[in-house]
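Asker: Output the structure for:
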Amino acid sequence: MSQGQPRRPQAEEEEAIKYGDVFKVSGDLANKPITPQDAAALQAAETRALGRTQRGGPAAVMQSAATVNENRGVVGHHDVTSATKDQGVTVSDAEVAGHHIITESVVGQYVRTNTTASPAPAKTSGDLQVTIGEALEASALSAGEKPVEQSDAAAIQAAEIRATGRMQVTPGGIAAKAQAAASQNARTMSEEKKTKLGDVLTDASKLLPKDKPVTREDAEGVIGAEIRNQPELATYPGGVAASMAAAARLNQEK
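Answerer: All right, here's what the predicted structure looks like:
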């Protein structure tokens, strides 16, 4: 952490509130104290994405924890967790099946995925379940500018297989397009020239020969495929796995 206000003597120092105390996160992040600048970063991200800080949301929770930590003297006002400084925080908001799916993450780990009703007209009862194609389209909205990587292609392939029930990739389908994009992107130096998720997934529902509502098992399969092909063993905020997980939770609530 950066230098902040003077700390109390070690003997008098109280325990800090850590990320793992308030969020379901793992690894080094779980043991890091929540700092004022971490909280400020997520507040700014919430405001940019949602127009305001969410009452009772992760940013508000972090601000409360950071205030306690600062008052206890275990962090300084200008302290920032090194991982948060390097990898940042992310907030995305996508609309799927008449709902807003809000995904918030710190250092690539999800601290909340929330669904709220959309002002858009509700669908008929037969269309209320979010399908795999719709979940893929949601990731085109929330992470559409992300260059397609091997982890994305693997997740898309897992989603297509679960939607169609076929173990092989559909020729000319979204999984084939994603794999081609990932291979081409790996050889492309310019970020601007790389194929993005939005280029591949914008019309996913139309491109799938068959579609089905997302289940928890579908989401777990896609999450596993994305993680196994990611060096950091993490999913991308607002990406394919995140959208599938949010859709599965939404379907379970119906």
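Asker: so where's the stretch 1-150 of the chain uncertain?
Answerer: Within the stretch 1-150 of the chain, the ranges that satisfy pLDDT under 70 run 1-14, 53-56, 86, 93-101, 107-108, 110-128.
Asker: Tell me where it has helices.
Answerer: Ranges of helices in the stretch 1-150 of the chain, per DSSP state H, counting those that start in this stretch, are 19-22, 36-50, 58-72, 82-87, 132-142, 150-164.
Asker: and the ones you listed as JSON lines, adding distance to residue 233?
Answerer: The C-beta positions use only the backbone N, C-alpha and C, and glycine is treated the same way. What follows is the helices of the stretch 1-150 of the chain, written out as JSON lines (distance: least, CB to CB, whole Å):
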{"stretch": "helix 19-22", "distance to residue 233": "18"}
{"stretch": "helix 36-50", "distance to residue 233": "22"}
{"stretch": "helix 58-72", "distance to residue 233": "22"}
{"stretch": "helix 82-87", "distance to residue 233": "14"}
{"stretch": "helix 132-142", "distance to residue 233": "19"}
{"stretch": "helix 150-164", "distance to residue 233": "10"}
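Asker: With mean neighbour count as added columns, please give those in a markdown table.
Answerer: Formatted as a markdown table, those follow (neighbours: other CB atoms under 10 Å):
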| stretch | mean neighbour count |
| --- | --- |
| helix 19-22 | 17 |
| helix 36-50 | 19 |
| helix 58-72 | 20 |
| helix 82-87 | 16 |
| helix 132-142 | 27 |
| helix 150-164 | 25 |
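Asker: Looking at those, which is nearest to residue 185?
Answerer: The closest of those to residue 185 is helix 150-164. By CB to CB, the value is 9.1 Å.
Asker: can you list contacts of the helix or strand that that closest one is followed by?
Answerer: Using DSSP states H and E, the next helix or strand after helix 150-164 towards the C-terminus is helix 174-186. Helix 174-186 has contacts (CB atoms under 8 Å, 6 or more residues apart in numbering) with 136, 147-150, 152-153, 156-157, 159-161, 169-170, 194-195, 199-201, 204, 207-208.
Asker: hmm, 6 Å instead?
Answerer: Applying CB atoms under 6 Å, 6 or more residues apart in numbering, the contact partners of helix 174-186 are 147-150, 153, 156-157, 160, 169, 194-195, 200, 204, 207.
Asker: do the same with stretch 17-33
Answerer: Applying CB under 6 Å, 6+ apart, the external contacts of stretch 17-33 come out as 16, 34, 61, 65, 68, 69, 74, 75, 81, 107, 109, 111.
Asker: Domain ranges for this structure, per the record?
Answerer: 19-106, 132-253 (the TED database).
Asker: end to end, how far does the shortest one reach?
Answerer: The first and last residues of domain 19-106 sit 10 Å apart, counting by CA to CA, to the nearest Å.
Asker: and if you look at stretch 63-80?
Answerer: Stretch 63-80 end-to-end distance (CA to CA) = 13 Å.
Asker: what's the answer for stretch 138-146, then?
Answerer: End-to-end span of stretch 138-146 (CA to CA): 13 Å.
Asker: For it, what is the distance to the chain centroid?
Answerer: Relative to the chain's own centre, stretch 138-146 is displaced by 10 Å; criterion: CA atoms, centre = their mean, to the nearest Å.
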